[in-house]
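Q: predicted structure and sequence below. I'll ask about it afterward.
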Amino acid sequence: MILVVLGTHELPFTRLLKEVERQIINGNIQDEVIVQQGHTRYQSPYMKMITFTSYEEMERLYREAAFIITHGGTGSITTGVKMGKKMIAAPRLTKYGEHNDDHQLEIVQQFEKTGHILAWYDGEDFGNILKKIDHFEPVPFVSGKNKIISILRTFINEHV
């Protein structure tokens, strides 16, 4: 199963769903596709659509997915990255009315640069990105939480 995640942003992201549907029709995606569509109103006979679901259900879908196709939202990406999932992220863009600004472009570029995800950018062939997913090995997530806590403790101990 392939999970497509559009998050909770109120603006639609039909561009990504049209592209996923095109890849299904072209035979590049043969697995079942489940879409968490959020506020994006889209119907397709090729994909199972759900609007919103519980955190626990989303976590289950993430775990069971062969890979995840997601918008460029930080929460959607980090959920998969922390699980070590193979992901393709597509930033929502203001020029298509998909978001209020282009911050998702920066988020996707950074996660791609660190080797955590693959990315699909405007104008690229999505089929070529799909071909990379089988051999893609995401860089494991390493939390910086302990380092930050250590820095804070050191600072506090030196200044108290």
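A: Sure, I can see it. Predicted model only: the values in this text are computed from it and were never measured.

Q: and Met87, what pLDDT?
A: On the pLDDT scale, Met87 is placed at 98.

Q: so how far is the helix ranked longest in the chain off the chain centroid?
A: Determined from DSSP state H, the single longest helix within the chain is helix 145-159. Here helix 145-159 is found 32 Å from its chain centre; the criterion is CA atoms, centre = their mean, to the nearest Å.

Q: in CSV, list the C-alpha atoms belonging to that helix.
A: Extracted C-alpha coordinates of helix 145-159, given in CSV (Å, rounded to 0.1, in the frame of the first residue of the first chain):
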residue,chain,number,x,y,z
LYS,A,145,17.1,16.5,21.6
ASN,A,146,19.8,15.1,23.9
LYS,A,147,22.4,17.5,22.5
ILE,A,148,20.2,20.5,23.1
ILE,A,149,19.4,19.4,26.6
SER,A,150,23.1,18.9,27.3
ILE,A,151,23.9,22.4,26.0
LEU,A,152,21.1,23.9,28.1
ARG,A,153,22.3,22.0,31.3
THR,A,154,25.9,23.2,30.7
PHE,A,155,24.7,26.8,30.2
ILE,A,156,22.5,26.7,33.3
ASN,A,157,25.2,25.1,35.5
GLU,A,158,27.8,27.7,34.4
HIS,A,159,25.5,30.6,35.0
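
Q: dump the helix or strand containing Lys18 to PDB, restricted to CA.
A: According to DSSP states H and E, Lys18 maps onto helix 14-25. What follows is helix 14-25, C-alpha atoms only, in PDB (Å, rounded to 0.1, in the frame of the first residue of the first chain):
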ATOM      1  CA  THR A  14      -5.100  18.700  -6.400                       C
ATOM      2  CA  ARG A  15      -1.900  18.900  -8.500                       C
ATOM      3  CA  LEU A  16      -0.300  16.100  -6.500                       C
ATOM      4  CA  LEU A  17      -3.400  13.900  -6.600                       C
ATOM      5  CA  LYS A  18      -3.800  14.300 -10.400                       C
ATOM      6  CA  GLU A  19      -0.100  13.300 -10.800                       C
ATOM      7  CA  VAL A  20      -0.500  10.200  -8.600                       C
ATOM      8  CA  GLU A  21      -3.600   9.200 -10.400                       C
ATOM      9  CA  ARG A  22      -1.800   9.700 -13.800                       C
ATOM     10  CA  GLN A  23       1.000   7.400 -12.500                       C
ATOM     11  CA  ILE A  24      -1.600   4.700 -11.600                       C
ATOM     12  CA  ILE A  25      -3.200   4.900 -15.000                       C
END
